[in-house]
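J.: Just need the structure, nothing else, for what follows:
(chains A and B)
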There are 2 protein chains.
Amino acid sequence: MPPPKVSGLHRRSLEPIDTPSRLLLGPGPSNAHPTVLEALSRTPIGHLDPLYVELMGEVQELLRYAWQTDNRLTIPMSGTGSAAMEATLANTIEPGDTVLVAIKGYFGLRLADMAGRYRANVVTIEKPWGEAFSLAELEEAITAHKPTILAMVHAETSTGVCQPMDGIGDLCRQHDCLLLLDTVTSLGGVPLFLDAWKVDLAYSCSQKGLSCPPGLGPFTMGPRAEAKMMGREGKVPNWYLDVTLLNQYWGSDRVYHHTAPVNMNFGMREALRLLAEEGLEAAWARHRGNAERLWSGLEALGLELHVPEPLRLPTLTTVRIPEGVDGKAFSLHLLNKHGIEVGGGLGALAGKVWRIGLMGYNSQPNNVDRLLNLFETELPAFGNGAPTTAAA
Amino acid sequence: MPPPKVSGLHRRSLEPIDTPSRLLLGPGPSNAHPTVLEALSRTPIGHLDPLYVELMGEVQELLRYAWQTDNRLTIPMSGTGSAAMEATLANTIEPGDTVLVAIKGYFGLRLADMAGRYRANVVTIEKPWGEAFSLAELEEAITAHKPTILAMVHAETSTGVCQPMDGIGDLCRQHDCLLLLDTVTSLGGVPLFLDAWKVDLAYSCSQKGLSCPPGLGPFTMGPRAEAKMMGREGKVPNWYLDVTLLNQYWGSDRVYHHTAPVNMNFGMREALRLLAEEGLEAAWARHRGNAERLWSGLEALGLELHVPEPLRLPTLTTVRIPEGVDGKAFSLHLLNKHGIEVGGGLGALAGKVWRIGLMGYNSQPNNVDRLLNLFETELPAFGNGAPTTAAA
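T.: Numbers count the residues shown, from 1 in each chain, chains lettered A, B, ... in the order given. Below you'll find the model as predicted:
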């Protein structure tokens, strides 16, 4: 047969890309550090190149530092944070395992959804969006359901709540239960001590506290979770995220699994290098200081913060949209007139809050002041029946 | 409890990244086009930003052009080509479905492994590595096994074989079977007509014919495959790759699924823009011309090509390592002394061939000539008992 003719139906003649330089103060992505963007644009090298293999080891070590863990199986998954989230579940759940998910926001719901897809017996406990779990509540649920895994979110991006971790790891060990923790919005910005907290499985993302663009999902698995994975019957029901295979590539064997996203890992290496250079204590203190500057500034303007102070995340603040204010119109105005992105509410908080992120490279006093100034001078035009014509 | 102390055990003080500029003439990644690398390093924007949403539409349209398909569900998966591969299977297989995998190399084996993880009844037919299937062979297997899906590789990266596609689509329709095609090493470099060939599911990667770094996996699904997916009982057993959810983000609803790898998509948009600017016919002719230049040059040097000419892939050439030559030492020499990467054999061809890629931006006559010159002048030192001291 003669070959078909090429159709031009979907051919487009486009101008070169020309995206604007935004200040991303939403729930993520956050702005990347300039040297991370430079690293990203280097010429690729092969995923089995000895120089790349060396870089892989550096990324692993620096991730261990950032998470404060000695876990051997600490790697960036070749997908976003959600892929790393799924990896924690896919590798450890066997059909019928009881997984207890402590839900206090959108990402808890996602954990429950994912766990169900791996045929777990999913049991949930819930708290209103904006609160955290007490140790007693967790203990009661663990005692009642005897789960194999307790899955919960440390830094709930949908609510701005930071879950206190005291005692949870010990509780899980007493009940022979793995502790799985979402650290997407805490890694690099909020104190995290995975090993001291006895966390068995954790995941994060590249685009928040690490000042890297989205595209990689840091993943870590401790010895107890590894033992559960190695003892499973049959293959992990997810090839791309199968840690038994990935370990042959990241471990000393260097067996080809998939072609690594080398440029994203160039960026990740630079992002982690910068974090190690600053030091965790300094990075955490910087995030805390700039968050407090934001909180007091917003409260001085008469705005209400959704989360009580002791539970507030330094990286992500939920601000209640005042009655009569068109919150969506104001955030569109910030984006279109000032190039600043602020997030809206998700799930139960949709339409009720703005979400303001101060993460990684963006956690700087001048960013806080710029945003506070716009809330002070331009928000009044959007509320209480005032005209909203400035909105796009 | 007082917070734990930060440990410096895994803290490393590293120099800024300093990877060399390699010429990547292996099976991929290939070098990215310079303007793609520039696009990659732009400031991120939000994954729900109106400007990003516009860019998503452009990427989809240009992918349809590159694949010659009208499929609505044409998107880049937020992972590498292997993630897109898994997406084709995960969304369409229901437990117990018979999946026939036509294996003629490494990536056919991978398809079979993945399909089994989704609880398919996997049936395989095999050909020696370096051959292709005849229509009669496929017909016999389809008639015998009555599969729901026939999965096969168009451009087998492990062998350098291009599968002739005449009649396969019609055969599958006659037997009410979906046709799933791996186009990882053909998209952008080898004639591909998904709709004319009646392909129902296909996937590819970013780092070969598209001149982009690795990290995205183009995915497409036609109406027959979509109907199968929509009719399934229960959720897709893979959250990250669930096209029913992804479609709500890529479709007009724009419902948040995961935080898109925005910078990788900046690069993808530029890569596809360049391909559309050149035009498919011109790009395919360029790949063909440079491959023929390589083939005749290698044969003039007395080297043997593993695949007979009519089945040869223009993007990936397998060259037999002559008897007595230390193939691994020669490729290490090329890498360490000349900064050129050439691939080794995989699976059944390990130690038997070199794999030379001329893909996307790298398909240029000067690259061919540079490599041929090194084969001519430096290979003799590595063979037939000659000293191999030049190897690293």
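
J.: just how off-centre is the longest helix that chain A contains within its chain?
T.: Scanning chain A for the longest helix, with DSSP state H as the assignment, gives helix A:280-300. The chain centroid and the centroid of helix A:280-300 are separated by 19 Å, computed with Cα atoms, centre = their mean, to the nearest Å.

J.: before we move on, what about stretch A:170-177?
T.: 25 Å.

J.: what's the answer for stretch A:81-98, then?
T.: 16 Å.

J.: Give me the buried positions along that stretch.
T.: A:81-94, A:97-98 (16 or more other Cβ atoms under 10 Å in any protein chain shown). Any C-beta I mention is one placed from the backbone N, CA and C, and that applies to glycine too.

J.: For A:Asp242, list the residues it contacts.
T.: For A:Asp242, the contact set (Cβ atoms under 8 Å, 6 or more residues apart in numbering or on different chains) comprises A:Ala90, A:Asn91, A:Lys235, A:Val236.

J.: Closest to chain B out of those residues?
T.: When the contacts of A:Asp242 are ranked by distance to chain B (Cβ to the nearest Cβ), A:Lys235 comes first, at 5.6 Å.

J.: Can you tell me the SS state at the closest one?
T.: Put simply, A:Lys235 is coil when judged by DSSP: H, G, I helix; E, B strand; the rest coil.

J.: how close does it get to A:Leu334?
T.: 48 Å (Cβ to Cβ, to the nearest Å).

J.: Spell out whether stretch A:116-132 and chain B are in contact.
T.: Yes - residues of stretch A:116-132 contacting chain B under Cβ under 8 Å from any Cβ of the partner chain: A:Gly116, A:Arg117, A:Tyr118, A:Arg119.

J.: likewise stretch A:314-330?
T.: No - using Cβ under 8 Å from any Cβ, stretch A:314-330 stays clear of chain B, with a minimum separation of 11.9 Å.

J.: on that earlier part again, so if I had to pick from A:Lys235 and A:Leu334, which one is more boxed in?
T.: Taking other Cβ atoms under 10 Å in any protein chain shown, A:Lys235 and A:Leu334 do not tie; A:Leu334 has more neighbours (22 against 14).

J.: ok now do the more buried one, which residues does it touch?
T.: Taking Cβ under 8 Å, 6+ apart, we find A:Leu334 in contact with A:Ile340, A:Glu341, A:Val342, A:Leu374, A:Glu378.

J.: export those residues to a markdown table and tack on distance to B:Met152 and neighbour count?
T.: Converted to a markdown table, these look like this (distance: Cβ to Cβ, whole Å; neighbours: other Cβ atoms under 10 Å in any protein chain shown):
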| residue | distance to B:Met152 | neighbour count |
| --- | --- | --- |
| A:Ile340 | 50 | 20 |
| A:Glu341 | 44 | 25 |
| A:Val342 | 48 | 24 |
| A:Leu374 | 56 | 17 |
| A:Glu378 | 58 | 15 |
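
J.: tell me which of the residues you listed is nearest to chain B?
T.: A:Glu341 (4.9 Å).

J.: Which strand residues bridge the closest one?
T.: Per DSSP bridges, the residues bridged to A:Glu341 are A:Leu24.

J.: Run through the helices of chain A in chain order.
T.: Ranges of helices in chain A, per DSSP H, are A:34-40, A:50-67, A:81-92, A:106-117, A:135-145, A:168-174, A:223-230, A:243-250, A:262-278, A:280-300, A:327-338, A:365-378.

J.: and the angle from the last one to helix A:280-300?
T.: Orientation check (axes from the mean of the first three to the mean of the last three Cα atoms, to 10 degrees): helix A:365-378 against helix A:280-300 gives 10 degrees.

J.: For A:Ser158, which non-adjacent residue is spatially closest?
T.: A:Tyr106 (3.6 Å; Cβ to Cβ, 6 or more residues apart in numbering or on different chains).

J.: sorry, back to before: buried subset of the residues of stretch A:116-132 next to chain B, written for PyMOL?
T.: Entered in PyMOL, the line below selects the buried ones among the residues of stretch A:116-132 next to chain B, by 16+ other Cβ under 10 Å:
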select buried, chain A and resi 116+117+118
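
J.: Pipe the residues of stretch A:116-132 next to chain B into CSV and attach pLDDT per row.
T.: Output for the residues of stretch A:116-132 next to chain B, formatted as CSV (pLDDT from 0 to 100):
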residue, pLDDT
A:Gly116, 98
A:Arg117, 98
A:Tyr118, 98
A:Arg119, 98
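
J.: what's the closest of the residues of stretch A:116-132 next to chain B to chain B?
T.: So of the residues of stretch A:116-132 next to chain B, ranked by how close each gets to chain B (Cβ to the nearest Cβ), first place is A:Arg117, at 5.0 Å.

J.: Excluding chain neighbours, give the residue nearest to the closest one in space.
T.: B:Pro237 (5.0 Å).

J.: my read: the one you found touches A:Tyr118, true?
T.: Yes - the pair B:Pro237 / A:Tyr118 is scored as a contact, 7.4 Å apart, by Cβ atoms under 8 Å.

J.: can you list residues touching both of the two?
T.: With Cβ under 8 Å, 6+ apart, B:Pro237 and A:Tyr118 have common neighbours A:Pro237.

J.: Show the contacting residues for A:Glu139.
T.: A:Leu171.

J.: Ok, A:Phe330 next?
T.: Residues in contact with A:Phe330 (Cβ under 8 Å, 6+ apart) are A:Trp354, A:Glu378, A:Leu379, A:Phe382, A:Ala391.

J.: Number of residues surrounding A:Ala227?
T.: Counted with other Cβ under 10 Å, A:Ala227 comes out at 12.

J.: and it, how far is that from A:His338?
T.: 52 Å.

J.: Quick check, pLDDT for the most centrally placed residue in chain A.
T.: In chain A, the centroid-proximal residue (Cα atoms, centre = their mean) is A:Val184; its distance is 2.2 Å. Here, the pLDDT recorded for A:Val184 equals 98.

J.: likewise A:Gly169?
T.: What the model reports as pLDDT for A:Gly169 is 98.

J.: Kindly report the same for A:Ala392.
T.: pLDDT recorded at A:Ala392 is 36.

J.: ok, now A:Leu201?
T.: Reading off the model, A:Leu201 has pLDDT 98.

J.: doesn't B:Gly339 make contact with A:Asp49?
T.: No - the criterion here is Cβ under 8 Å, and A:Asp49 misses it with B:Gly339 at 10.4 Å.

J.: So which of these two has more stuff around it?
T.: Set A:Asp49 next to B:Gly339 and count neighbours by other Cβ under 10 Å: A:Asp49 wins out with 20 against 14.

J.: pLDDT value on the more buried one, please?
T.: A:Asp49 carries a pLDDT value of 95.

J.: same deal with A:Gly383?
T.: Per-residue confidence (pLDDT) for A:Gly383: 79.

J.: Now it: closest residue in space, sequence neighbours ignored.
T.: Nearest non-adjacent residue to A:Gly383 (Cβ to Cβ, 6+ apart): A:Val325, at 3.7 Å.

J.: give me the number of residues near that neighbour?
T.: When neighbours are defined as other Cβ under 10 Å, A:Val325 has 21 of them.

J.: Next: A:Met230.
T.: Neighbour tally, A:Met230, other Cβ under 10 Å: 10.

J.: give the contact list for it.
T.: A:Thr244.

J.: And A:Lys352, by the same measure?
T.: Taking Cβ under 8 Å, 6+ apart, one finds A:His306, A:Arg320, A:Ile321, A:Gly345 in contact with A:Lys352.

J.: Fine by me, thanks again.
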